[in-house]
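*Asks:* Could you look at this predicted model? Sequence included:
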Amino acid sequence: MPELAEAETIRRDLGAIYVGLTIASVTVTGLRSVRRHEDPAEFAARVRGRRLSGAGRRGKYLTLELDSGDVVVAHMGMSGQLLVAAPADEVARHTHVRFAFDGGPDLRFVDPRTFGQMWVTQPVGGTIAELAHLGFDPLEDPDAEKRLEMLMSRPTKLKPLLMDQSRIVGIGNMYADEILHAAGLRPDRPASTVSATETGRLYRSMVSVLEAAIRERGSSLADEQYRDLFGRIGRYQVYHRVYAREGRPCPRCGATVTRVRTGGRSWYFCPGCQE
DNA sequence: ACAAATACCTGTAAGC
DNA sequence: TGCTTACAGGTATTTG
């Protein structure tokens, strides 16, 4: 469930709490969460006893760098949470993986829908093979604006384009709608019809929405499924202008926010000021 | 190349 | 009070 802003919030807190600490033990109780490993014991054995040397992010994927050179890659899927816990704390329902640290709190992976997963892998020349298909980061890549411009020659509709992780990473259903509203562009607009001026606006909207969302520690919706490491909800949902606001007035032009369903997914936009 | 539907799961809310 | 249905931020794969 976390998109870029939520993953980035988790990454920063993970780094602050756990980098430098050694993983004392790993307990896997949910086999599906480590499904890339044939044997969950192999995952645990490769991680146990290693010191965490860094906490990174590639799109919505979190990367926990180990002193062995291995990297634990984690994706929250729709419902995954990484939570700090005291060793004595009761183990919550749907807890699939537990890490105990020397001189630090436990880290627990809780994921009811089990779309999330984690695995350990060895990067080759700094590249994680399983993440090699991912596109550019809208905030981290210094050439992000130019790369976005290059994508605009395609006939693809803007929303699926923004959400395509092989082109741009980190943007999901929610932030795609918010970014397109901020840019004043309809989600079904073919990218190839977007002018240079509009592309500039799209780029700046992408940056400003994502940066603001990170400042507010991400978005938690009505179900409050997104939680940070400490179990706290985000604050950016307060600033949402179209997402999950069907039937309400657009804060910019007053027209009624519309929802259309396609591909089993909801698209929210304002028919008044997005063109 | 692109668009839409489906599969993978569980939990919750809404409707009857 | 049940029971059924729709829906939920993710990715990957299949079908048209």
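*Replies:* Yep, that arrived. Numbering: from 1, shown residues only, chains lettered A, B, ... in the order given.
*Asks:* where's the one residue in chain A that gets nearest to DNA strand C relative to DNA strand B, distance?
*Replies:* Nearest residue of chain A to DNA strand C (CB to the nearest atom of the strand) works out as A:Gly172 at 1.4 Å. From N, CA and C alone the C-beta is placed, and that goes for glycine too. Counting by CB to the nearest atom of the strand, to the nearest Å, the separation of A:Gly172 from DNA strand B is 13 Å.
*Asks:* That residue reaches A:Met163, doesn't it?
*Replies:* Yes - look at A:Gly172 against A:Met163 with CB atoms under 8 Å: they come within range, at 6.2 Å.
*Asks:* re the thing from before, run a quick neighbour tally on the residue of chain A closest to DNA strand C.
*Replies:* Look at A:Gly172: counted by other CB atoms under 10 Å, it has 20 neighbours.
*Asks:* For A:Ser205, which residues are in contact?
*Replies:* A:179-180, A:182-183 (CB atoms under 8 Å, 6 or more residues apart in numbering).
*Asks:* and if you look at A:Cys273?
*Replies:* Going by CB under 8 Å, 6+ apart, A:Cys273 touches A:184, A:250, A:252-253, A:255.
*Asks:* and the residue lying closest to A:Glu198 once chain neighbours are set aside, how far is that from A:Val84?
*Replies:* Of all residues not flanking A:Glu198 in the chain, A:Leu185 sits nearest, at 6.3 Å (CB to CB, 6 or more residues apart in numbering). When distance is defined by CB to CB, to the nearest Å, A:Leu185 is 39 Å away from A:Val84.
*Asks:* Settle it for me: which of these two has more neighbours?
*Replies:* Neighbour count, other CB under 10 Å: between A:Leu185 and A:Val84, A:Leu185 has more, with 24 against 18.
*Asks:* A:Glu275 is in contact with the more buried one, correct?
*Replies:* Yes - counting by CB under 8 Å, A:Leu185 touches A:Glu275, with 7.1 Å between them.
*Asks:* Tell me the confidence at A:Lys223?
*Replies:* Not Lys; residue A:223 is Asp. A:Asp223 is assigned a predicted lDDT (pLDDT) of 82.
*Asks:* how many other residues sit next to it?
*Replies:* If you count neighbours by other CB under 10 Å, A:Asp223 ends up with 8.
*Asks:* about what we covered before: by neighbours, which of the contacts of A:Cys273 wins?
*Replies:* A:Cys250 (20 neighbours).
*Asks:* Which residue, other than its chain neighbours, is closest to that one?
*Replies:* With CB to CB, 6+ apart, the residue lying closest to A:Cys250 is A:Cys270, at 3.9 Å.
*Asks:* where in chain A is pLDDT low?
*Replies:* A:1 (pLDDT under 70).
*Asks:* redo that, cut-off 90
*Replies:* Across chain A, the ranges flagged by pLDDT under 90 are A:1-2, A:221-225, A:262-264.
*Asks:* per the record, what domains does it have?
*Replies:* For chain A, the structural domains run A:4-131, A:144-269, going by automatic domain parsing.
*Asks:* possible to save the ones you listed as CSV with distance to A:Asp137?
*Replies:* Shown next, in CSV, are the domains of chain A (distance: least, CB to CB, whole Å):
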stretch, distance to A:Asp137
domain A:4-131, 7
domain A:144-269, 5
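*Asks:* so A:Ile55, which of the three states?
*Replies:* Actually, residue A:55 is Ala rather than Ile. Three-state assignment for A:Ala55 (DSSP: H, G, I helix; E, B strand; the rest coil): strand.
*Asks:* Could I get the contacting residues of it?
*Replies:* A:Ala55 neighbours (CB under 8 Å, 6+ apart): A:11-12, A:14-15, A:18-19, A:62-65.
*Asks:* Go ahead and confirm A:Cys33 touches A:Arg113.
*Replies:* Rather than Cys, residue A:33 is Ser. No - assessed by CB under 8 Å, A:Ser33 is found out of contact with A:Arg113, at 11.0 Å.
*Asks:* So which of the two has more stuff around it?
*Replies:* Between A:Ser33 and A:Arg113, counted using other CB under 10 Å, A:Ser33 has the larger neighbour count: 27 against 12.
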